[in-house]
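**Q** Quick one: sequence and predicted model below, then my questions.
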Amino acid sequence: EDDNLQVHDLKPGWKEFLQSHTLGRFQCSQCFREWSSAKVHILFHMCLHKGRGKVRMRVFRQSCRRCPHPPLEEPDFSQETMEKVLHNLVLKILSYFYRVTIQTSDFLNVVVDVPVSGPHDSSRCEGCQLGIC
């Protein structure tokens, strides 16, 4: 994990993959309120050098809308969601570094049909604040 990763800010030889609209669950560390969001973004930077690969990841956080000065909270993901995100990451790695032809239809949708209440709160979303969401 690397909280300093930025979209489109890559070192030479590195490639980027932004997994958008991922379903995540949050819990406020102050009031313990829980919420779900279908707009969690995960940024991956990856490289392959001399047969060795490296992947860096940044998960964009959200803050509680009830608390006056809430911290940004890390989301939790279901096992099913993580499997889909990793599947999509592997497809990107195969495409970028091994020149495997990947079809758009090969990627898995990571938003599961789960009720998410209320509109997306852009003012409390790290991705929105950084212009990604």
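**A** Nice, I can see it. Numbering: from 1, shown residues only.

**Q** Compute the distance between the residue located most distally from the centre of the chain and Ile42, please.
**A** The outermost residue of the chain relative to its centre, with distances by Cα atoms, centre = their mean, is Lys50 at 27.5 Å. Using Cβ to Cβ, to the nearest Å, we find Lys50 at a distance of 27 Å from Ile42. Where C-beta positions appear, they are placed from N, C-alpha and C, glycine not excepted.

**Q** cool, Gly51 as well?
**A** Distance of Gly51 to Ile42, given as Cβ to Cβ: 26 Å.

**Q** What of Pro75?
**A** 9 Å.

**Q** Find residues that contact each of these two.
**A** With contacts defined as Cβ atoms under 8 Å, 6 or more residues apart in numbering, the residues shared by Pro75 and Ile42 are Val59.

**Q** Flag every buried residue along the lengthiest helix in the chain.
**A** Of all the elements of type helix in the chain, the one with the most residues (DSSP state H) is helix 79-98. Within helix 79-98, the residues scored as buried using 16 or more other Cβ atoms under 10 Å are 81, 84-85, 88-89, 91-93, 96.

**Q** Between those, which sits nearest Gly13?
**A** Tyr96 (10.6 Å; Cβ to Cβ).

**Q** How about the closest one, nearest residue that isn't a chain neighbour?
**A** The shortest distance from Tyr96 to any non-neighbouring residue, by Cβ to Cβ, 6 or more residues apart in numbering, is to Lys15 (4.5 Å).
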